[in-house]
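1. Here is a sequence together with a model predicted from it:
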Amino acid sequence: MRPIDPLLIPGFALLGGVLLLWLGRRGRRVNHHPVCRKCGYDLFGLTAATAACPECGRSLTRKRATRSGQRVRQPRLIGFAVILLIVDSAWLGRSGWVAASRHDFSPYKPVWWLLRDTDSEMAETRVTALNELLSRLRDHKLHAKQIRAVAEHGLSIQADVKRPWDTRWEQWMELAERRRSLSEAQWRRYAAQSMRVVIRARPSVVRGEPAPLEIYCFSAHRGGTFEAYWLSGSLYVEDVAVSDLAPSRLPVGVLVLPEPKASRIANWQTARAKVKITAYPANYRLLRHTELPGVSFDATAIVTWVLTEAPPPLGVITDAGRQSEESCVVVTRATWSRIGEVAVTLESREPPVSVAADVVIRRNGREWVLGSVLLLAGEQQEEDIRGIVPGFDPAATEVVLRPDPAVARQVIEPISAIWGKEIRFPVRFHETGPLRHE
């Protein structure tokens, strides 16, 4: 059975209310006297010679000048009809409002109206407006002037981190860039405003020793999809270029300040370092320069070191009761290839003392330093150390962690003590193909 239209009942009620109102105003007939059709005057008792209505003066000789019966209006019927019409109008008004609210009028709104909706405090209104702007851009319904206006509005929203940010703006900007509708300045402004750079440095650095520096990139907005893939740039100390940052995955690792005699840095007690970064975001799929892995832009952050002449005291723990290397640090994987590539995976299981050591491959009294590792106390870590060992023979080979205090000074947070004894792992190496370097 076909369902009844919900608007059918109020529609019939409206017609009924109008009909009752008409009947109430027309009134009921109380006699059969002749009555002037124009003014309703009772003509009963007048002679046939009377040619005009005594009340309004209308000629009574005209056709249909009179009607039979005097009528009296019915106030009760009129009142009921009015109440019915009020209730029915409210019903129809609410139903119409609900139906209108469910209908999307965005396709009929001009661009300026949609831009105003993107600033609305209601998330649903903002989303609807952005979807419409994105749809119009896809369907080539925006001319160049409108695209520039929308881009400027989106960039102003992006520049204010306190305003709500919707990733649909990112889709809109990237699609406009794909179609070469954004200017170079707009595209680079969009890229620069997408990233927030944070640099962490060790509080104090010994002259001539490694200066730990970590660079992190985050999306400038909550919910943004920015993800920096790698960085390059230069390190300046008091505006003197002292080091170049080679392209590196995040975070950037240890940077080395020059030797004391190599720069004026030897005469300073405090070094104010400025890092100029060129970041290549991974999520920018729409590139203006196809030879680059991303869109580059400059970002500058300031960090400060206090330069010291001697390293801070570092405790060396050798008490076997404080450390059980067999249970806290293990080798979970060891591989080698015929061309001498060796890889060792170390795992720490919340050691009570930090392990800062060189990873050494030892066989028959000969040693090869594969790399260095820092396993922090109380943490679970997994480190993969790789290197080249010429003429490597996996037979009767062991992995040794040899304590090295210099490794402990290559992290941001100072370490108070490290494990001071060698940790040896008699391991069995498994042959594999050439190792893949990421």
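-> It's in. Numbers count the residues shown, from 1 in each chain.
2. Any regions of the stretch 51-200 of the chain where pLDDT drops low?
-> Scanning the stretch 51-200 of the chain with the threshold set as pLDDT under 70 gives 99-103, 197.
3. List the buried residues in stretch 60-80.
-> Using 16 or more other C-beta atoms under 10 Å as the test for burial, stretch 60-80 gives 60, 65-66, 70, 74, 77-78. C-beta here means a position set from N, CA and C on the backbone, and glycine is covered the same way.
4. Show me the domain layout of the protein.
-> Following automatic domain parsing, one gets these domains for the chain: 8-102, 107-182, 194-308, 315-431.
5. Turn the buried residues of stretch 60-80 into JSON lines, including distance to Ala151 and secondary structure.
-> Listed next are these as JSON lines, based on distance: C-beta to C-beta, whole Å; DSSP: H, G, I helix; E, B strand; the rest coil:
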{"residue": "Leu60", "distance to Ala151": "80", "secondary structure": "coil"}
{"residue": "Ala65", "distance to Ala151": "76", "secondary structure": "coil"}
{"residue": "Thr66", "distance to Ala151": "78", "secondary structure": "strand"}
{"residue": "Gln70", "distance to Ala151": "77", "secondary structure": "coil"}
{"residue": "Gln74", "distance to Ala151": "68", "secondary structure": "coil"}
{"residue": "Leu77", "distance to Ala151": "65", "secondary structure": "helix"}
{"residue": "Ile78", "distance to Ala151": "62", "secondary structure": "helix"}
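6. Go through these and name the one nearest Arg196.
-> Nearest to Arg196 among the buried residues of stretch 60-80: Ile78, at 71.3 Å, using C-beta to C-beta.
7. That closest one touches Leu21, doesn't it?
-> Yes - in terms of C-beta atoms under 8 Å, Ile78 counts as a neighbour of Leu21; the distance is 6.3 Å.
8. ok, the closest residue to Ser68 other than its chain neighbours to Val353 distance?
-> Once flanking residues are discounted, Ser68 sits nearest to His32: 5.6 Å by C-beta to C-beta, 6 or more residues apart in numbering. From His32 over to Val353 the distance is 120 Å, taken as C-beta to C-beta, to the nearest Å.
9. between those two, who's got more neighbours?
-> Val353 (24 against 10; other C-beta atoms under 10 Å).
10. pretty sure the more buried one is touching Trp419, no?
-> Yes - look at Val353 against Trp419 with C-beta under 8 Å: they come within range, at 4.8 Å.
11. helix/strand/coil for Thr345?
-> strand (DSSP: H, G, I helix; E, B strand; the rest coil).
12. Can I get the helix or strand containing Val198 in PDB? Just the C-alpha atoms.
-> Assessed by DSSP states H and E, Val198 sits inside strand 195-201. Extracted C-alpha coordinates of strand 195-201, given in PDB (Å, rounded to 0.1, in the frame of the first residue of the first chain):
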ATOM      1  CA  MET A 195      54.500  23.800   8.700                       C
ATOM      2  CA  ARG A 196      55.600  24.600  12.200                       C
ATOM      3  CA  VAL A 197      59.300  24.100  12.900                       C
ATOM      4  CA  VAL A 198      60.600  23.200  16.400                       C
ATOM      5  CA  ILE A 199      64.300  22.900  17.200                       C
ATOM      6  CA  ARG A 200      65.700  21.400  20.300                       C
ATOM      7  CA  ALA A 201      69.300  21.800  21.400                       C
END
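13. Which strands border it, and is each parallel or antiparallel?
-> The pairing partners recorded for strand 195-201 under DSSP bridges are strand 210-219 (antiparallel).
14. Show the average pLDDT along the strand it pairs with.
-> For strand 210-219, mean pLDDT rounds to 68.
15. What's the separation between the residue of the chain positioned farthest from its centre and Lys63?
-> Here the centre of the chain is the reference, and by C-alpha atoms, centre = their mean the most remote residue is Ala49, at 94.6 Å. For Ala49, the distance to Lys63 equals 19 Å [C-beta to C-beta].
16. What is the burial count for the closest residue to Ser354 other than its chain neighbours?
-> Once flanking residues are discounted, Ser354 sits nearest to Ala377: 4.5 Å by C-beta to C-beta, 6+ apart. Counted with other C-beta under 10 Å, residues neighbouring Ala377 total 19.
17. thought Ala377 was touching Pro351?
-> Yes - applying C-beta under 8 Å as the test, Ala377 and Pro351 come out as touching, 5.8 Å apart.
18. anything in contact with each of the two?
-> Here Ala377 and Pro351 have no joint contacts, going by C-beta atoms under 8 Å, 6 or more residues apart in numbering.
19. Please enumerate the helices of the chain.
-> With helices called from DSSP state H, the chain shows them at 8-26, 75-102, 111-117, 123-138, 144-159, 167-178, 184-194, 325-328, 405-408.
20. who's in contact with Thr118?
-> The contact partners of Thr118, taken as C-beta under 8 Å, 6+ apart, are 126, 129-130, 133, 153-154, 157.
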